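A.B. asks: Predicted coordinates and the sequence they were generated for:
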Amino acid sequence: MIRFLALLALTLSGLAGASAQGLKPPSDLVTASLVAEPAAIRPGEPFTVGIRMVMRPDWHVYWRNPGDSGLPPEVTWALPAGFTAGALDWPAPHRIPVAHLMNFGYEGETVLLAQVTPPETLAPGRPVTLKAHLSYLVCERECVPGTADLRLTLPVAQAGTSTGTNPQTRALFAQSRAAVPVPAPWPVRYGATKDRLTLTVEAPTLSPDGVKAVAFFPYAETAIENAAPQDVRIDAAELHLGLVRGNADEPAPPTLPGVLTFEETTADGPVRRAYALGEAPAIAAPAADAPAVAPALPAEEDSLTLWSAVGLAFLGGLVLNLMPCVFPVLSIKVLSLVRHSGESPGRVRLHGLAYTAGVLAAFLGLAGLLIGLKGAGAGIGWGFQLQSPVVVAALAYLLFGMGLSLSGVVHLGGGIAGLGDGLTRRSGLQGSFFTGVLATVVATPCTAPFMGSAVGFALTQEPAVGLAVFASLGLGLALPFLVLTAWPPALRALPRPGAWMDTLKGVLAFPIYATAAWLVWVLAQQVGPPGLLAALLGLVLVGFAAWAWERSHGARPAWTWVARGMALVSLAGLAVLTLGLSQDRAAAVARQDGTEAFSQARLDTLVAEGRPVFVNMTAAWCISCQVNERTTLGTQAVREAFSARGVTYLKGDWTNQNPEITAFLARHGRSGVPLYLLYGGKGTPVVLPQILTAGTVLDALAALPAMPRSAALAPAER
């Protein structure tokens, strides 16, 4: 949270300065280009490309772990059919102090290397065009977000012919490859106390007089205090590096993967060395000798286009109507249809259009806010508003008030379709509009199938493209109700309004109450017992305000004003309680369900050891996540299969903001939860569906390669 606020302050100061001084646009701060190592490519033969970024003096961009503030560059590929792109190779970063913060990144110029593999069936003689969308944050004292759409056209040579490297880029790629860390040639160990970590490298070849500017950059964002001094001591046999722990309350990880850099004096002058500790990164090799590298993301997400993303979003919106978080609003829509079934077909169609307009307006509003905040450097994703206790409490109070209205405790505008229809007594179209808005708001805790890839794609594109994808998602959510209102035979099948509607209205209040209860449970995960008490008192105030307001109708004028005053005072107290909620949930909770708390360092260690790992990215407010955990991941069959295969279960809790989990989701092309990954060793993980079944998980476990017993055991069991 501190990092986010610091970044937000830097970004806002940069944008304010830009507006006040007519400051340089991002394109003037970073010059980005897509370059290739070979002069031509051949069918089926991998080759290396680079995202080259040249920064204005005193400005910098960020490494994969940005340090105390900032965001790493993100690259979304748009490659021809059959092409795949591997993971980025990050050059070793530098420590960049900004005020009291310490950032990890690059100044001057940097090149992010990646390996691209063309298909074997590529036709020679016809040039191909590679495209990449780059988003980044460039900072000096202030920060400015920027994007660049990059493209590169390369000729295709006959298979078996010699293409050679491009003489114009040969030196650039040699220099860039030399900056990528290589696996450390020495044994490495570390010890931990409550407040400090000590990294020890058994490097007898290093001379105490010939090494300086030693720095360690962890892969995990919260492993160390980035701005704290790193104490270095070199003796005849070892290099010792003292570090300050990032969070003394969390258990120390078994290893500390990252990058160690230092300057070494040689006969040719000082040379900067960079070594990867605890993890051997995939280093792009020259084009002639490069082996194929598996893509970092699933092919489905890696090859998305605007139209495929729009199609997936539309399907996701349709399925969203069946998700449990939308069921309570379905009851409101049913009542709305029953109420309007006696009206003219044209009038009913207007209600369908008004509801659709409400859904689209809400989706575009949320998408615009999300895109704007991400463009300003905030590490957030789909459902981000539910990471705020104030928003969760406000939704619980709103739904509780709607339930009271349906139960007849309070009558708002005389409408039976909820709060929205009470906005006007003449037309009721505003009610349909705001019912659509509400449907969207309560749908955000769910991620339906097809949604994850589409939303992840939308948040990496230009704003217009992102808004188009979100609009398609909203259209999918609104379509069933829109079709029902536009089809006269369906309307004729609905019963006519009557006295039975009061009974149905009372029955349908209970799904609303259930949703409010669930939101209070989510709030309990965020704010702890004191905040939970405040939220429950808030529900009491909502009920009292509704009762007082209802008593004011038909009463003497004096009592009317007294009752309404009591209701307003209750609502004022409700606002004070709600705004006073804070996220005081413990950062590390002992788990009793056989899982471990996720951290990037722990995952890196397990993968480096070749052990199978299941990663569950979840949140208390994500209903899809909770259903999957209770109906699939928590079943005895799946638990026993995890145990039999020696699978370590890492659980990432995104209920509150967590920059490390946000960055992990982004690296896998997602902007929200759930995300399920199964690592079978040191290869690319298998991405499981967002709606799980026990069979799906068991089939994925059965496909894992057989492992030696010693590799499957946890360290304590060996």
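C.D. replies: Alright, I've got the coordinates.
A.B. asks: got the residue ranges for the strands in the stretch 1-150 of the chain?
C.D. replies: Here the stretch 1-150 of the chain has its strands, by DSSP state E, counting those that start in this stretch, at 30-36, 47-55, 60-67, 74-78, 84-85, 94-98, 101-107, 109-117, 128-139, 143-154.
A.B. asks: Mean neighbour count for these - can I get that in CSV?
C.D. replies: To be clear about C-beta, it is placed using only N, CA and C from the backbone, and glycine gets the same treatment. Below are the strands of the stretch 1-150 of the chain laid out as CSV (neighbours: other Cβ atoms under 10 Å):
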stretch, mean neighbour count
strand 30-36, 19
strand 47-55, 22
strand 60-67, 24
strand 74-78, 20
strand 84-85, 22
strand 94-98, 18
strand 101-107, 21
strand 109-117, 22
strand 128-139, 21
strand 143-154, 18
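A.B. asks: can you redo these as CSV with mean pLDDT and distance to F434?
C.D. replies: Putting the strands of the stretch 1-150 of the chain into CSV (pLDDT from 0 to 100; distance: least, Cβ to Cβ, whole Å) gives the following:
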stretch, mean pLDDT, distance to F434
strand 30-36, 94, 43
strand 47-55, 95, 45
strand 60-67, 92, 40
strand 74-78, 91, 35
strand 84-85, 89, 44
strand 94-98, 90, 45
strand 101-107, 92, 43
strand 109-117, 94, 46
strand 128-139, 92, 34
strand 143-154, 90, 33
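A.B. asks: what's the next secondary structure element after the helix or strand of the chain with the lowest mean pLDDT?
C.D. replies: One helix or strand of the chain scores below all others by mean pLDDT, DSSP states H and E: helix 299-302, with a mean of 40. Reading on from helix 299-302 to the C-terminus, the next helix or strand found by DSSP states H and E is helix 306-320.
A.B. asks: What residues of that next one count as buried?
C.D. replies: 306, 309-320 (16 or more other Cβ atoms under 10 Å).
A.B. asks: Would you mind giving the strands of the stretch 1-150 of the chain as TSV with distance to F470 added?
C.D. replies: Compiled in TSV, the strands of the stretch 1-150 of the chain are given as follows (distance: least, Cβ to Cβ, whole Å):
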stretch	distance to F470
strand 30-36	26
strand 47-55	27
strand 60-67	27
strand 74-78	17
strand 84-85	25
strand 94-98	34
strand 101-107	31
strand 109-117	28
strand 128-139	17
strand 143-154	18
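A.B. asks: who wins for proximity to A548 among the ones you listed?
C.D. replies: strand 143-154 (48.0 Å; Cβ to Cβ).
A.B. asks: Adjacent strands (with direction) for that closest one?
C.D. replies: strand 128-139 (antiparallel) (DSSP bridges).
A.B. asks: Measure how the strand it pairs with sits relative to strand 101-107, angle-wise.
C.D. replies: 150 degrees (axes from the mean of the first three to the mean of the last three Cα atoms, to 10 degrees).
A.B. asks: how about strand 128-139 as PDB, C-alpha atoms only?
C.D. replies: Output in PDB follows, covering the C-alpha atoms of strand 128-139 (Å, rounded to 0.1, in the frame of the first residue of the first chain):
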ATOM      1  CA  VAL A 128       6.200 -11.200 -42.100                       C
ATOM      2  CA  THR A 129       5.400  -8.400 -39.700                       C
ATOM      3  CA  LEU A 130       5.800  -8.700 -35.900                       C
ATOM      4  CA  LYS A 131       3.800  -6.400 -33.700                       C
ATOM      5  CA  ALA A 132       4.200  -5.700 -30.000                       C
ATOM      6  CA  HIS A 133       2.300  -3.300 -27.600                       C
ATOM      7  CA  LEU A 134       4.600  -1.900 -25.000                       C
ATOM      8  CA  SER A 135       3.400  -0.200 -21.800                       C
ATOM      9  CA  TYR A 136       5.700   1.300 -19.300                       C
ATOM     10  CA  LEU A 137       6.200   3.900 -16.500                       C
ATOM     11  CA  VAL A 138       9.100   6.300 -16.900                       C
ATOM     12  CA  CYS A 139      10.100   8.300 -13.900                       C
END
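A.B. asks: how far does it sit from the chain's center?
C.D. replies: Between the centre of strand 128-139 and the centre of its chain there are 19 Å (Cα atoms, centre = their mean, to the nearest Å).
A.B. asks: Would you mind finding the longest helix in the protein?
C.D. replies: helix 509-551 (DSSP state H).
A.B. asks: ok so, going back, nearest to T261, out of the strands of the stretch 1-150 of the chain?
C.D. replies: Going by Cβ to Cβ, the one of the strands of the stretch 1-150 of the chain nearest T261 is strand 94-98, 8.1 Å.
A.B. asks: Tell me the helices and strands packed up against that closest one.
C.D. replies: With contacts defined as 3 or more Cβ pairs under 8 Å, 6 or more residues apart in numbering; DSSP states H and E, strand 94-98 has these neighbours: strand 60-67, strand 101-107, strand 211-218.
A.B. asks: in its sheet, what does that strand sit against?
C.D. replies: For strand 94-98, pairing defined by DSSP bridges yields strand 101-107 (antiparallel).
A.B. asks: how big is the angle separating the strand it pairs with from strand 211-218?
C.D. replies: 110 degrees.
A.B. asks: Okay, angle between strand 101-107 and strand 60-67 too, please.
C.D. replies: Going by the same axes, to 10 degrees, strand 101-107 makes 130 degrees with strand 60-67.
A.B. asks: quick one: the longest helix of the chain to chain centroid distance?
C.D. replies: 28 Å.
A.B. asks: helices and strands around that helix, which ones?
C.D. replies: Against helix 509-551 (3+ Cβ pairs under 8 Å, 6+ apart) you get helix 327-340, helix 389-406, helix 557-579.
A.B. asks: Including distance to N166, could the helices and strands packed on strand 94-98 go into JSON lines?
C.D. replies: Converted to JSON lines, the helices and strands packed on strand 94-98 look like this (distance: least, Cβ to Cβ, whole Å):
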{"stretch": "strand 60-67", "distance to N166": "25"}
{"stretch": "strand 101-107", "distance to N166": "23"}
{"stretch": "strand 211-218", "distance to N166": "31"}
